[in-house]
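Visitor: heads up, no residue letters with this:
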């Protein structure tokens, strides 16, 4: 039993230290099964891009998702990223397309977007925090804000297992929609959904936790939570996946 334990922990330590770039989850292919929302956010983005001339991608991560939309991007596109390790990664990936990456963190109190009022006619946001009033300011009249978000009740089971409170419990469709309406937006469409995410081995879970550290305790480490991980190894976990999306428009005068 002790040999098995040490072999498992050694394998999980490797996953804990494995190099990661941006928000690329392709390494977990075949080790993670997850349901997807009934809407197609990428298709919604493509449709909006075809009608836009000045686009902001808010929270681009490593630039992966924006590049997947490359065929529909206009000439004028700017991306932001708030997590420092991702900034140089995104900049290197997007530079060949002529897309600059600006460091901006919507969660920094009172930090204004480094853009002019009315500069964009489309802002895309996939799983990034937002400042409704700043969004309203940088969008031109008639401009569109399109976002998909992770719900505050995402990965509830992980918080219960590891004894950590949810990082953003108030991050709900209702609350985000309310903040946008208060800023002056009109909500044109929205929906929310919950599904399942199944990890087929604990090494995959460890790797995933290091991509999304807000879903586990701040002190998460394989050795610190070895007993919990070994217990999970006996019964591979299923977690709740929570998503919502909306489309908002800044009214014409």
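Guide: On my side now, so go ahead. Because the structure is predicted, anything quoted here is derived from the model rather than measured.
Visitor: Flag every buried residue along the longest helix anywhere in the chain.
Guide: With secondary structure taken from DSSP state H, the chain has its longest helix at helix 2-17. Across helix 2-17, burial judged by 16 or more other C-beta atoms under 10 Å covers 8-9, 12-13, 15-16. For every residue, glycine as well, the C-beta is placed using N, CA and C.
Visitor: Would you agree residue 228 falls within a helix?
Guide: Yes. Assessed by DSSP: H, G, I helix; E, B strand; the rest coil, residue 228 belongs to a helix.
Visitor: okay, now it: neighbour count?
Guide: 14 (other C-beta atoms under 10 Å).
Visitor: ok, now the one 5 residues further on?
Guide: Around residue 233 sit 17 other residues, with neighbours defined as other C-beta under 10 Å.
Visitor: Excluding chain neighbours, what is closest to it?
Guide: residue 202 (5.0 Å; C-beta to C-beta, 6 or more residues apart in numbering).
Visitor: now swap in residue 213 and tell me
Guide: Sequence neighbours aside, residue 220 is the residue nearest to residue 213 in space, at 7.1 Å (criterion: C-beta to C-beta, 6+ apart).
Visitor: just to revisit the earlier point, the residue nearest to residue 233 and residue 12 touch, don't they?
Guide: Yes. Contact criterion C-beta atoms under 8 Å: residue 202 and residue 12 qualify, at 6.1 Å.
Visitor: Return every residue with contacts to both of the two.
Guide: Here residue 202 and residue 12 share the contacting residues residue 229, scored by C-beta atoms under 8 Å, 6 or more residues apart in numbering.
Visitor: need the contact list for the residue positioned nearest the centre of the chain.
Guide: For the chain, the residue nearest the mean C-alpha position is residue 127 (3.0 Å; C-alpha atoms, centre = their mean). If a contact means C-beta under 8 Å, 6+ apart, then residue 127 has 23, 59, 148-150 as its contacts.
Visitor: and what of residue 133?
Guide: With C-beta under 8 Å, 6+ apart, residue 133 has these contacts: residue 183.
Visitor: go on, residue 82?
Guide: Going by C-beta under 8 Å, 6+ apart, the list of residues near residue 82 reads 59, 103-108, 128-129.
Visitor: for the protein, what spans make up the helices?
Guide: Secondary structure of the chain (DSSP H): helices located at 2-17, 41-49, 64-68, 86-94, 132-138, 156-162, 173-183, 202-211, 226-234.
Visitor: Include distance to residue 190 and neighbour count when you put the contacts of residue 82 into TSV, please.
Guide: Shown next, in TSV, are these (distance: C-beta to C-beta, whole Å; neighbours: other C-beta atoms under 10 Å):
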residue	distance to residue 190	neighbour count
59	19	24
103	29	14
104	25	23
105	25	16
106	19	18
107	22	11
108	26	11
128	17	23
129	18	16
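Visitor: Appreciated, that's everything.
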